[in-house]
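1. predicted model and sequence below, questions to follow.
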Amino acid sequence: MTSKDINSPETKPLSIRQQLAGAWELINYYAYLPNNPSDIFYPLGPDATGILMYTPDGYMSVQLLMPGQARFEREDGSEKQWAEVGKSSTTYTGPFYLDERGDAQGRPILIHDMRVSSLPYFKGEKQRRLLCFSEEEDGRYLVLKVDGTMKMGGKQSRTNTGQNSPAGVHIENLRYDGGLKIGHPLLPVRYPVVFRAARRIRLAVHMASSLLHMFYRHPTSGFCASQISSSALFLRAANGSFRNYVKYRRYATVSGKKPKIVDLSRELYHRALAHPFHPPVIITPWDTHQPKQEGDTVLRSASYSISFSDHAGTHVDAPKHFDPSPGALSVDQMPLETFYTEGIALDLSHVELKASISIPEMEEALKKSGEEIKEGDTVLLYMAFNKRVHQDDPRWQHDFPGLAPESVHWLADKGCKLFGVEAVSPAPEGELNFKAHNICGERGITHMEAMDNLDQVIGKGRFRFIGFPLKFRGGSGSPIRAVAVFESM
């Protein structure tokens with residue numbers, strides 16, 4: 001790992017503030033004693049997660065989490081369960097200030113002004129950090145750290161509270177008596193931390209007398225946030241000081257690992273089968289590299305004439321398709337946000353051909369996935385239909401399984417706005433298919449048909465779904481190029 005001078009000519013075109021803007025994913029957070037750097041410990045456990053966000057207009061947001069929390073037994077949770085949430089997560093937000101002139105050594109200084117916090121003792125605090133960017137083989141990292149250590153006086157002893165429990169600290173006459181001086185009066189900071197004698201406590205991250213090191217990764221979305229739990233941080237030094245480090249990597253695709261993209265669309269080709277209600281795809285050559293000349297330059301170009309329904313190939317149904325009312329949206333009127341969502345996939349590959357999938361089967365598939373359907377999610381339903389019946393087989397137009405009417409209602413009740421199937425219809429052929437379309441109109445949701453490769457998103461967790469339609473004026477649907485994006489793979 002090498003730290004890069006953020007004022008070097010290579011990065012001069014972008015200010016430090018511009019380089020900060022965006023979302024950073026926590027990769028690692030650890031602490032150690034200055035006199036023994038090899039004695040590393042993890043305040044939030046080795047698998048701590050978090051998002052740190054910086055906005056261009058000068059605000060930051062932090063959410064930090066110790067993973068492994070059990071799901072609530074009921075939706076609203078018990079007092080005990082909410083207490084555990086409070087112990088395992090920390091959030092705060094407010095303005096951030098950046099002094100690019102830096103300290104006496106020219107190191108830029110970053111201040112987090114915690115105006116709002118889930119922890120009362122964070123509110124009003126100002127965290128002062130030195131920052132630098134670290135260039136590594138797999139991407140660029142943001143490193144935040146304290147420019148020194150907090151001096152601790154008095155006695156302390158470390159006590160283990162159990163193999164799977166956070167360690168505690170017994171502190172006598174412990175007082176913070178060091179001063180973190182800011183390089184310029186523009187950015188005042190105070191750390192008034194005093195503990196009463198003989199009180200056993202767990203220290204929060206910002207009181208750790210330590211050097212924070214968090215690792216985050218950045219997406220093209222341009223947000224920034226972070227998550228850390230305060231329950232496990234404890235003093236390891238006797239009569240001394242210690243440091244902890246926080247390192248972030250930029251989220252998604254600006255730098256770092258490339259996302260994994262799964263193509264969920266079928267090919268469009270001449271005479272490709274479609275639903276019996278719609279015409280087949282017709283593709284004929286129009287221009288076959290015939291030479292065209294302007295002056296001394298010759299161009300040989302090719303193009304095709306294509307005729308197809310707005311329900312050809314992998315496509316989305318607009319409300320206008322199944323809703324005859326004058327106000328039903330055509331595909332060009334549908335919000336683009338409909339086609340850029342989070343998504344999950346359910347494994348229904350066990351169902352028989354022509355079967356109608358019930359609510360218990362949907363619930364079992366959701367439970368097996370380990371996920372939940374959130375408001376606005378896209379839900380992809382893998383029925384292994386393409387593996388059993390090839391698209392060029394006439395049975396592909398008729399023998400598909402699909403949803404029972406009550407299962408379409410179930411998806412809508414869960415908050416799903418868009419779902420997708422491999423077949424040319426969302427429900428088995430006949431009356432059930434008509435009912436499924438009508439329910440979509442009644443519930444204000446819609447669906448995609450003729451999808452492919454859904455087996456490649458089963459068991460992979462949540463993903464980003466993208467599937468924008470063509471802008472057909474007044475269209476009842478449109479072919480789409482649907483993909484699932486796994487940003488952390």
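-> That came in fine, so what should we check first? Everything quoted here is computed from the prediction, not taken from an experiment. Numbering: from 1, shown residues only.
2. where does the stretch 51-200 of the chain dip in pLDDT?
-> For the stretch 51-200 of the chain, applying pLDDT under 70 flags the ranges 146-200.
3. for it, what spans make up the helices?
-> For the stretch 51-200 of the chain, the helices defined by DSSP state H, counting those that start in this stretch occupy 79-88.
4. where do the strands sit along it?
-> For the stretch 51-200 of the chain, applying DSSP state E, counting those that start in this stretch gives strands covering 59-65, 89-99, 109-113, 116-117, 126-136, 139-145, 152-159, 168-176, 199-201.
5. what's the helix or strand containing residue 411 in contact with?
-> Under the criterion of DSSP states H and E, residue 411 resides in helix 405-414. Contact with helix 405-414 is made by 357-359, 361-363, 373, 377, 379, 403, 419, 426-427, 432, 435-436, 439-440, 443-445, as judged by Cβ atoms under 8 Å, 6 or more residues apart in numbering. All C-beta atoms are positioned from the backbone trio N, CA, C, and that covers glycine.
6. in PyMOL, how would I select just the buried ones from those residues?
-> The following PyMOL line selects those of these that are buried, judged by 16 or more other Cβ atoms under 10 Å:
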select buried, resi 357+361+362+373+377+379+403+419+426+427+432+435+436+439+440+445
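7. so which of the contacts of helix 405-414 sit within helices?
-> Judged by DSSP state H, the subset of the contacts of helix 405-414 located in helices is 359, 361-363, 432, 435-436, 439-440, 443.
8. please enumerate the helices of the stretch 251-400 of the chain.
-> For the stretch 251-400 of the chain, the helices defined by DSSP H, counting those that start in this stretch cover 319-322, 359-369, 385-388.
9. now for the ones you listed, which one comes closest to residue 40?
-> helix 359-369 (35.6 Å; Cβ to Cβ).
10. let me see the mean pLDDT of that closest one.
-> Here helix 359-369 scores 96 as its mean pLDDT.
11. same check, this time on stretch 263-280
-> Rounded to a whole number, the mean pLDDT of stretch 263-280 is 90.
12. alpha carbons only: can I get it in PDB?
-> What follows is stretch 263-280 as a C-alpha-only set of coordinates in PDB (Å, rounded to 0.1, in the frame of the first residue of the first chain):
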ATOM      1  CA  ASP A 263     -27.300 -10.000 -18.900                       C
ATOM      2  CA  LEU A 264     -30.900 -10.900 -18.300                       C
ATOM      3  CA  SER A 265     -32.100 -10.400 -21.900                       C
ATOM      4  CA  ARG A 266     -32.800 -12.700 -24.800                       C
ATOM      5  CA  GLU A 267     -31.500 -12.300 -28.300                       C
ATOM      6  CA  LEU A 268     -33.700 -10.600 -31.000                       C
ATOM      7  CA  TYR A 269     -33.300 -12.300 -34.300                       C
ATOM      8  CA  HIS A 270     -35.200 -12.900 -37.500                       C
ATOM      9  CA  ARG A 271     -38.400 -14.900 -37.000                       C
ATOM     10  CA  ALA A 272     -37.900 -15.100 -33.200                       C
ATOM     11  CA  LEU A 273     -41.100 -16.500 -31.600                       C
ATOM     12  CA  ALA A 274     -43.300 -14.100 -29.700                       C
ATOM     13  CA  HIS A 275     -46.600 -14.400 -27.800                       C
ATOM     14  CA  PRO A 276     -49.400 -15.600 -30.200                       C
ATOM     15  CA  PHE A 277     -51.100 -12.200 -29.700                       C
ATOM     16  CA  HIS A 278     -48.000 -10.500 -31.300                       C
ATOM     17  CA  PRO A 279     -46.200 -10.700 -34.700                       C
ATOM     18  CA  PRO A 280     -42.800 -12.300 -35.000                       C
END
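13. go through it and flag the buried ones.
-> Under the neighbour-count criterion of 16+ other Cβ under 10 Å, stretch 263-280 has 264-266, 268, 272-275, 278 buried.
14. of those, closest to residue 390?
-> residue 273 (9.9 Å).
15. is it true that that closest one touches residue 390?
-> No - with contact defined as Cβ atoms under 8 Å, residue 273 does not count as touching residue 390 (9.9 Å).
16. intersection of neighbour lists for those two?
-> residue 396.
17. so residue 478 makes contact with residue 449?
-> No - in this structure, residue 478 is not within contact of residue 449 by Cβ under 8 Å, at 11.6 Å.
18. can you work out which residues contact both of the two?
-> Taking Cβ under 8 Å, 6+ apart as the criterion, residue 478 and residue 449 both touch residue 315.
19. still on that earlier bit, okay, the helices of the stretch 251-400 of the chain, which one's buried deepest?
-> helix 319-322 (a mean of 21; mean count of other Cβ atoms under 10 Å).
20. helices and strands around it, which ones?
-> helix 431-443 (3 or more Cβ pairs under 8 Å, 6 or more residues apart in numbering; DSSP states H and E).
21. alpha carbons of the next helix or strand after the helix it packs on, as PDB, please.
-> Once the chain leaves helix 431-443, the next helix or strand it forms, by DSSP H and E, is strand 446-449. Below are the C-alpha coordinates for strand 446-449, written out as PDB (Å, rounded to 0.1, in the frame of the first residue of the first chain):
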ATOM      1  CA  THR A 446     -46.200  -4.300 -14.000                       C
ATOM      2  CA  HIS A 447     -43.900  -7.100 -15.200                       C
ATOM      3  CA  MET A 448     -41.300  -8.100 -17.700                       C
ATOM      4  CA  GLU A 449     -41.500 -11.100 -19.900                       C
END
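22. partner strands of strand 446-449 and their direction?
-> strand 315-317 (antiparallel), strand 418-420 (parallel) (DSSP bridges).
23. could you dump these to CSV with mean pLDDT and distance to residue 398?
-> Output for the strands paired with strand 446-449, formatted as CSV (pLDDT from 0 to 100; distance: least, Cβ to Cβ, whole Å):
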stretch, mean pLDDT, distance to residue 398
strand 315-317, 97, 18
strand 418-420, 98, 20
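24. show me the contacts for residue 375.
-> Contacts of residue 375 by Cβ under 8 Å, 6+ apart are residue 415.
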